[in-house]
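Undergrad: Here you go, sequence then predicted model.
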Amino acid sequence: MEKWWQLDGWRRQAALYTAVLVGTVLLGALIGSQLGIDGGTGSTPSANSRLEPLAPGTLEELPKATPSKLEDPLVIGSQNAGVAVVGSSEPDSIDTKDGERRAPDGGSLVVFTLADWGCENPPCKPWTTLKPQIQADGLVKDVPTDGDTFVIAVPAGTSSLRLVVEDSGYKQTISLLDDDPGSRNIALLAQKNGTKKLDLNKSVALTENTDIDFREPNGALVNQFTRDATVVSAQRRFFYGEERPSAPGKAFLLVTASYAYPGKTQRYAFAAPEVHFVDDEGNSYDVSSPAAAGSSVLTFEIPGSVRSGSLVFGGSTAKTASNGVPYTSTLTEARVPIKFG
């Protein structure tokens, strides 16, 4: 049998070429492994790095973008309009009217979509009437009023990126980076239908005891009476006429309630000490504004986040009889549940 060195010349030359080729491939693989190079993760510049960056601080409309829908919108409600961030994404690059662009060096791109939200006094105006702004640390930009989807080129080192609304005497903000609402936001108006009126029309019989006797038309002396009470409605408000709660996190609870004595047509407003509001956590709130003359609306100041509790009747009140004699009236306890939303 012929030895390999005995092959014809052309066979020896082909074998030599093959050996050289195999050796080159093996050497390349060895060098590649030492340099950390493998398929799909090479050290060559990425496609994005070859794109022009969007100038830091640029804020513009991006009509064709579709950022991820937020399960819980980020919202700001005001007196006559509201705005919600309903979508937000941080893509590596975007398609602008000038072509594809990447984030600024060391920065990022935030794409977001705005929509209308509720307000205190419906029908609410469009969100554009609030003239919102984007604040990136010290940089402040007006949000364009055309379209609803936008991109902001966040400069490198930015620690805070917030949507800002200044309206009706209140500055409210929400973060586009960590979903954090501002500390001065109106808590009540961040709720859907937060000021919707609740019709109750709940009747309840209350027992009143007095520490003096009263003479009935038949001459009998009595010191216990029945009040036929009716709780008509309840509503939470923030912008209530010229009145405002003590803080943006608070709200007014307005309860329309009155009573009459059996067989009598005249109705009376409850005195402030005779009624309280107690939330589901057991926190009790006194009447902050008694019913005005000719009105049966009681006002409580409660946290704007409170959605349910009970109107609690009971307690003692100092009164004066028609003949000028002072006395104390005491109501036994009764509760009427109130639940919003």
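TA: Nice, I can see it.
Undergrad: helix, strand or coil for residue 329?
TA: Following DSSP: H, G, I helix; E, B strand; the rest coil, we place residue 329 in the strand state.
Undergrad: change the start of the numbering to 50 and stick with it
TA: In the new numbering, first residue 50, that becomes residue 378.
Undergrad: Roughly how far does it sit from residue 284?
TA: Separation of residue 378 from residue 284 (Cβ to Cβ, to the nearest Å): 28 Å. C-beta coordinates here come from the backbone N, C-alpha and C atoms, glycine included.
Undergrad: now do residue 224
TA: Remark: distance between residue 224 and residue 284 (Cβ to Cβ) = 31 Å.
Undergrad: Mind checking which of the two has more residues around it?
TA: Ranked by neighbour count (other Cβ atoms under 10 Å), residue 224 and residue 284 place residue 284 first, with 18 against 15.
Undergrad: What sits closest to the more buried one if chain neighbours are left out?
TA: Among residues not flanking residue 284 along the chain, residue 246 sits closest, at 4.4 Å (Cβ to Cβ, 6 or more residues apart in numbering).
Undergrad: list the contacts for that neighbour?
TA: 282-284 (Cβ atoms under 8 Å, 6 or more residues apart in numbering).
Undergrad: Kindly indicate which of those residues lies nearest residue 117.
TA: When those are compared for distance to residue 117 (Cβ to Cβ), residue 284 wins out at 35.8 Å.
Undergrad: Contacts only, for that closest one.
TA: Counted by Cβ under 8 Å, 6+ apart, residue 284 has contacts 244-247, 302-303.
Undergrad: go on, residue 133?
TA: Contacts of residue 133 by Cβ under 8 Å, 6+ apart are 122-125, 163-166, 176.
Undergrad: Correct me if wrong, but it is in a strand.
TA: Yes - counting by three-state DSSP, one finds residue 133 located in a strand.
Undergrad: residues of stretch 162-178 that come out buried?
TA: Of the residues in stretch 162-178, those with enough neighbours to count as buried (16 or more other Cβ atoms under 10 Å) are 162-163, 165-169, 173-174, 176-177.
Undergrad: Residue 313 and residue 115, how far apart?
TA: Distance, residue 313 to residue 115, by Cβ to Cβ: 65 Å.
Undergrad: any low-confidence regions in this protein?
TA: Where the chain drops to pLDDT under 70, the residues are 50-96.
Undergrad: tell me the domain ranges of it?
TA: With domains defined by automatic domain parsing, the chain comprises 53-84, 97-234, 247-388.
Undergrad: Please work out which of those domains is packed deepest.
TA: domain 97-234 (a mean of 17; mean count of other Cβ atoms under 10 Å).
Undergrad: Next, the distance between the ends of that domain.
TA: Taking Cα to Cα, to the nearest Å, domain 97-234 runs 38 Å from one end to the other.
Undergrad: quick one: contacts for the nearest residue to residue 238 once chain neighbours are set aside?
TA: Spatial nearest neighbour of residue 238, chain neighbours left out: residue 126 (2.7 Å); criterion: Cβ to Cβ, 6+ apart. Neighbouring residues of residue 126 by Cβ under 8 Å, 6+ apart: 166-169, 235, 237-240, 243.
Undergrad: Show me the strands in the stretch 100-249 of the chain, by range?
TA: Per DSSP state E, counting those that start in this stretch, the stretch 100-249 of the chain carries strands over the ranges 101-102, 108-110, 118-126, 131-138, 142-145, 148-151, 157-166, 182-185, 188-191, 198-203, 210-216, 219-224, 247-264.
Undergrad: and these as TSV, adding distance to residue 366?
TA: Below are those laid out as TSV (distance: least, Cβ to Cβ, whole Å):
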stretch	distance to residue 366
strand 101-102	71
strand 108-110	59
strand 118-126	37
strand 131-138	41
strand 142-145	66
strand 148-151	70
strand 157-166	42
strand 182-185	51
strand 188-191	54
strand 198-203	58
strand 210-216	41
strand 219-224	37
strand 247-264	10
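Undergrad: Just grab the bridge partners of the closest residue to residue 167 other than its chain neighbours for me.
TA: Nearest residue to residue 167 in three dimensions, chain neighbours excluded: residue 131, at 5.1 Å (Cβ to Cβ, 6+ apart). When assigned by DSSP bridges, residue 131 has beta-bridge partners residue 126, residue 166.
Undergrad: mind checking how far residue 131 is from residue 144?
TA: Separation of residue 131 from residue 144 (Cβ to Cβ) stands at 30 Å.
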